[in-house]
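Undergrad: I would like to see how this sequence folds:
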Amino acid sequence: MRMHILDWLIICVPLVIVFFISWYTRRYMKSVADFLAASRSAGRYLVATSLGAASYGAITAVMNFEIMGKAGMTVSWWETVLVPVGLFIALSGFVIYRYRETRVMTLAQFFEVRYSRHFRIFAGLLCFLSGLINYAIFPAVAARFFVNYMGLPQNVMLNGHPVFPMFGLVMFVLLGLALYLTLMGGQLTVMVNDATEGLISNVFYLVVAFALLFMFDWRQIFHAVSVGGGNLSIPGAAGVPTAVFNPPAGSQGNWMVDPFDSPGSIESFNIWYVLIGVFWLIYGYMAWQGNQAFNCSAANPHEAKMGNILGSWRVFARTVMITLLGLCALTVLRSPDRTAMASQVVNEVSKIDQAQIRSQMLMPVTLGFLLPVGIKGCFAAIMLFAMLACDGSYLHSWGSIFIQDVIMPFRRRPLTARQHIGILRWSITGVAVFAFMFSLLFQQTEAIRLFFDITGAIFIGGAGAAIIGGLYWSRSTKYGAWAAMLLGAIVPVLGIIVQQIIVHYKTTGFEGGVAFWEKFITIPYTQHVMNGREIMFASALVALVAYVIISLLTCRKPHDMDKLLHRGRYAVKDDQAATVAPEIERSVTSRILGWDRHFTLGDKWISGSLFGWSMLSFAVFVVVTVWNLAYGRWPLAWWSTYWWVYAIILPLIIGVITTIWFTWGVLRDMGRLFRALKTVRRDERDDGTVKGDHLLADEPTNSGR
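TA: Reported below is the predicted structural model:
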């Protein structure tokens with residue numbers, strides 16, 4: 001055990017605060033809409049902070065550490081090419097604005113309103129199954145992190161004999177906490193808890209980051225992750241020692257800090273790679289439903305859009321902390337001055353049974369030895385809150401989708417609010433039980449990447465076309481949606497199966513089998529065999545083309561988009577944001593920055609500053625890339641300065657500002673939320689039921705709308 005009593009206090013005191021707030025919030029949960037969508041009453045800061053916390057789980061941090069252990073800083077460099085696309089999505093309110101206008105509470109409910117009930121059930125089942133399997137490995141990764149970070153034994157011992165894996169016991173406790181917080185009040189308590197955890201974590205991000213800067217000198221860090229760094233080995237498959245740091249072909253030893261140090265990787269990172277990334281970011285936006293309840297929780301479409309914009313500002317403190325943690329861990333593992341601690345890490349990692357888990361837990365174990373008392377507790381609390389936020393959101397999403405989109409459409413008699421919430425809670429509990437058993441029994445191997453590719457692709461491949469087309473194209477039809485969803489699910493799975501057959505034949509040396517199967521994934525008129533990323537892209541293209549062609553052939557009457565989006569005579573008073581400017585023709589600047597009649601002066605400053613920062617970052621990326629490719633490579637000293645300024649100092653300054661800013665914003669929004677919940681008009685018909693081509697709750701009542 002590497003935890004001090006102070007570390008445990010740092011973890012437990014904030015956790016008690018979260019439980020108290022959850023207990024207080026549950027009294028406001030009185031309807032199905034409260035449980036599923038927080039009564040659509042959340043402000044922008046509450047949405048941005050809670051969604052940001054739910055979107056970054058403990059498994060995400062572990063994956064980021066794993067990536068940094070292999071590629072260092074350079075991955076973040078190439079990700080800058082997506083900045084303009086992300087900026088467009090945030091400022092335009094792409095998808096999220098219109099989705100919130102529909103007033104649906106799940107994506108498949110939107111599919112029923114826009115297409116048909118049968119399509120809702122099919123899409124809901126496909127979404128549920130892919131999401132359930134995808135999530136089922138999350139608890140194991142989080143539990144293993146805590147076991148290895150805290151230095152707990154690998155097994156529970158009885159009379160000197162192992163009786164149960166320790167990660168299973170830890171997972172039972174952690175998953176139980178997440179389940180309890182989720183069941184208390186559904187999305188209402190999930191959102192408020194996640195925002196509270198996000199505020200506390202923001203402070204801890206800065207504490208950990210400043211502590212690491214005090215402990216390590218930047219020149220020492222940079223030297224260790226570049227040419228001055230050494231290597232070490234850990235037991236691999238069959239216990240054979242395996243080198244941890246393997247430079248790419250052609251590297252001069254600086255591949256972790258110089259994006260242009262690996263000619264082989266630059267060759268594969270070509271224009272098609274970039275274009276596929278841009279396409280997938282737009283096409284698949286909001287298709288994955290792990291955090292689906294946040295998409296419908298905002299008070300109105302404008303607040304949803306602003307929450308999306310603000311979410312881009314919130315990440316700086318977390319990003320700089322994760323960056324520094326990864327770099328300092330690499331310094332310990334690679335620096336000649338810290339071989340004693342590196343040896344302790346290797347000895348500890350060697351106790352783990354599975355080779356893949358040994359590699360995955362290398363950085364967490366290093367941090368367990370590296371971080372001092374107090375700081376270790378801060379990072380443990382951060383990871384605990386990340387796990388609770390992410391797992392709570394996923395439990396709520398997959399449990400709700402199963403009931404709302406697979407079970408409820410078959411019911412002819414409505415349930416009371418109490419009955420409906422009851423079966424939602426049982427479904428969420430079922431997801432937790434499945435995730436626990438799956439995580440306990442599933443053996444992680446090198447095929448984990450394949451595991452995630454399959455679970456994501458079978459839904460997103462066709463859902464992207466159905467979402468964007470359904471929201472923006474009045475002539476799209478249910479037949480086009482069916483074609484897209486079926487092809488989008490079948491094509492990537494077949495492609496991955498073919499890839500695995502090819503790998504098998506390559507392993508056995510059967511060249512004839514390799515040549516035969518490669519024909520099926522070779523681009524016509526070329527000799528290029530598609531990789532996994534290109535197969536996913538091809539499946540989305542096939543689904544999109546089928547969606548457009550079949551919709552054009554089967555459309556007899558354009559869909560009433562005003563009715564779908566509650567505009568004009570279908571507008572809902574409670575969803576209307578305040579109008580602060582007259583309805584006039586917008587200027588070029590307003591169109592670029594996404595300003596409309598609902599934007600206040602403060603809103604304009606928020607979106608304008610995001611635009612300025614994002615375009616500055618992208619301009620620097622373009623200039624430096626052109627410089628290195630056309631005029632000569634930068635020396636290491638220049639890269640040291642670049643990373644110090646753009647990856648550490650500037651994000652740290654912005655992180656301090658946004659932590660103060662968002663603390664004020666979230667507390668303000670929480671106060672408004674609780675006041676709104678006291679007076680909000682609840683409609684028992686607002687439970688996800690669709691009648692024909694509209695929501696049941698949209699129909700007028702005897703007392704008026």
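Undergrad: wait, doesn't S539 sit right on G488?
TA: Yes - between S539 and G488 there is a contact at 5.8 Å, judged by C-beta atoms under 8 Å. Any C-beta I mention is one placed from the backbone N, CA and C, and that applies to glycine too.
Undergrad: who touches both of the two?
TA: Contact criterion C-beta atoms under 8 Å, 6 or more residues apart in numbering; residues bridging S539 and G488 by contacting each: A457, G461.
Undergrad: Between these two, which is the more surrounded one?
TA: Ranked by neighbour count (other C-beta atoms under 10 Å), S539 and G488 place G488 first, with 30 against 24.
Undergrad: which SS class is that one?
TA: At G488 the chain is in helix, as set by DSSP: H, G, I helix; E, B strand; the rest coil.
Undergrad: show me what contacts it?
TA: When contacts are counted by C-beta under 8 Å, 6+ apart, G488 is found next to 457-465, 539-540, 542-543.
Undergrad: How about W643?
TA: Applying C-beta under 8 Å, 6+ apart to W643 gives the contacts M73, F222, V257.
Undergrad: Whichever strand or helix holds it: which residues count as buried?
TA: Assigned by DSSP states H and E, W643 falls within helix 636-643. Neighbour-count burial for helix 636-643 flags L636, W639, S640, Y642, W643 (criterion: 16 or more other C-beta atoms under 10 Å).
Undergrad: For I309, which three-state class applies?
TA: The three-state label for I309, taken from three-state DSSP, comes out as helix.
Undergrad: tally of neighbours for it?
TA: Close neighbours of I309, defined as other C-beta under 10 Å, add up to 23.
Undergrad: how about the nearest residue to it, chain neighbours excluded?
TA: Spatially, and ignoring its direct neighbours in sequence, I309 is nearest to A90 (4.9 Å; C-beta to C-beta, 6 or more residues apart in numbering).
Undergrad: what packs against the strand or helix carrying the one you found?
TA: Element membership for A90 (DSSP H and E) is helix 83-92. On a contact count with 3 or more C-beta pairs under 8 Å, 6 or more residues apart in numbering; DSSP states H and E, helix 83-92 meets helix 271-283, helix 301-314, helix 601-626.
Undergrad: now the angle from the last one to helix 83-92?
TA: Going back to what we said before, that points to helix 601-626. Angle between the axes of helix 601-626 and helix 83-92 is 170 degrees (criterion: axes from the mean of the first three to the mean of the last three C-alpha atoms, to 10 degrees).
Undergrad: Need the residues that contact the helix or strand hosting V141.
TA: Here V141, judged by DSSP H and E, is contained in helix 138-150. For helix 138-150, the external contacting residues (C-beta under 8 Å, 6+ apart) are 1-3, 57-59, 61-62, 152, 154, 166-168, 170-171, 174-175, 348-349, 352, 357, 360-361, 364-365, 367-368, 380, 383-384, 387, 390-391, 394, 435-436, 439-440, 442, 444.
Undergrad: For that helix, what is the distance to the chain centroid?
TA: In terms of C-alpha atoms, centre = their mean, to the nearest Å, the centre of helix 138-150 is found 19 Å from the chain centre.
Undergrad: hey, where'd the strands end up in this protein?
TA: For the chain, the strands defined by DSSP state E occupy 155-158, 161-165, 233-235, 241-243, 690-691, 694-695.
Undergrad: now, of the ones you listed, which is deepest in the fold?
TA: Ranked by mean neighbour count under mean count of other C-beta atoms under 10 Å, the strands of the chain are led by strand 694-695, which reaches a mean of 20.
Undergrad: Given it, what are its sheet partners and their directions?
TA: As defined by DSSP bridges, the strand partners of strand 694-695 come to strand 690-691 (antiparallel).
Undergrad: so where's the stretch 401-550 of the chain uncertain?
TA: Residue ranges of the stretch 401-550 of the chain with pLDDT under 70: 443-454, 525, 531-533.
Undergrad: Pull the number of nearby residues for the closest residue to G464 other than its chain neighbours.
TA: Once flanking residues are discounted, G464 sits nearest to Y283: 4.1 Å by C-beta to C-beta, 6+ apart. Neighbours of Y283 under the rule other C-beta under 10 Å: 20.
Undergrad: ditto for H559
TA: Using other C-beta under 10 Å, H559 has 18 other residues around it.
Undergrad: May I see the ChimeraX selection of the buried members of the contacts of helix 138-150?
TA: Burial among these is assessed by 16+ other C-beta under 10 Å; the matching ChimeraX selection reads:
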select :2,3,57,58,59,61,62,152,154,166,167,168,170,171,174,175,348,349,352,357,360,361,364,365,367,368,380,383,384,387,390,391,394,435,436,439,440,444
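Undergrad: What sits closest to W218 if chain neighbours are left out?
TA: That would be W644: by C-beta to C-beta, 6+ apart, it lies 5.6 Å from W218.
Undergrad: next one: G151
TA: Residue nearest to G151 in three dimensions, not counting chain neighbours: R2, with 3.8 Å by C-beta to C-beta, 6+ apart.
Undergrad: gap between G632 and F621?
TA: G632 sits at a distance of 18 Å from F621 (criterion: C-beta to C-beta, to the nearest Å).
Undergrad: Neighbour count: these two, which is higher?
TA: More crowded of G632 and F621, by other C-beta under 10 Å: F621, with 18 against 8.
Undergrad: wait, doesn't the more buried one sit right on P84?
TA: No - using C-beta under 8 Å as the test, F621 is too far from P84 to be in contact (10.3 Å).
Undergrad: Could you list the low-confidence segments of this protein?
TA: Counting by pLDDT under 70, the chain contains low-confidence ranges at 1, 228, 236-240, 262-274, 443-454, 525, 531-533, 574-586, 701-705.
Undergrad: Distance-wise, check T522 relative to M530.
TA: For T522, the distance to M530 - C-beta to C-beta - is 7 Å.
Undergrad: now swap in P248 and tell me
TA: Between P248 and M530 the distance is 22 Å, computed by C-beta to C-beta.
Undergrad: Between the two, which has more neighbouring residues?
TA: M530 (19 against 15).
Undergrad: residues contacting the closest residue to that one other than its chain neighbours?
TA: Of all residues not flanking M530 in the chain, I521 sits nearest, at 4.7 Å (C-beta to C-beta, 6+ apart). By C-beta under 8 Å, 6+ apart, the residues touching I521 are G495, V498, Q499, V529, M530, I535.
Undergrad: The third one against V529, yeah?
TA: No - if you go by C-beta under 8 Å, Q499 and V529 don't touch, sitting 9.2 Å apart.
Undergrad: Between these two, which has more neighbouring residues?
TA: Legend: neighbour count by other C-beta under 10 Å for Q499 and V529, higher for Q499 (21 against 16).
Undergrad: could you dump the contacts of G488 to a markdown table with distance to T429?
TA: Supplementary listing: the contacts of G488 in a markdown table, determined by distance: C-beta to C-beta, whole Å:
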| residue | distance to T429 |
| --- | --- |
| A457 | 28 |
| I458 | 25 |
| F459 | 23 |
| I460 | 27 |
| G461 | 30 |
| G462 | 30 |
| A463 | 27 |
| G464 | 31 |
| A465 | 34 |
| S539 | 34 |
| A540 | 35 |
| V542 | 38 |
| A543 | 34 |
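Undergrad: Could you find the two of those residues that are most distant from each other?
TA: Greatest spatial distance in the contacts of G488: F459 and V542, 15.2 Å, computed using C-beta to C-beta.
Undergrad: In terms of neighbours, single out the busier of those two.
TA: Legend: neighbour count by other C-beta under 10 Å for F459 and V542, higher for F459 (25 against 20).
Undergrad: which residue sits closest to that one, ignoring its sequence neighbours?
TA: Of all residues not flanking F459 in the chain, S130 sits nearest, at 4.4 Å (C-beta to C-beta, 6+ apart).
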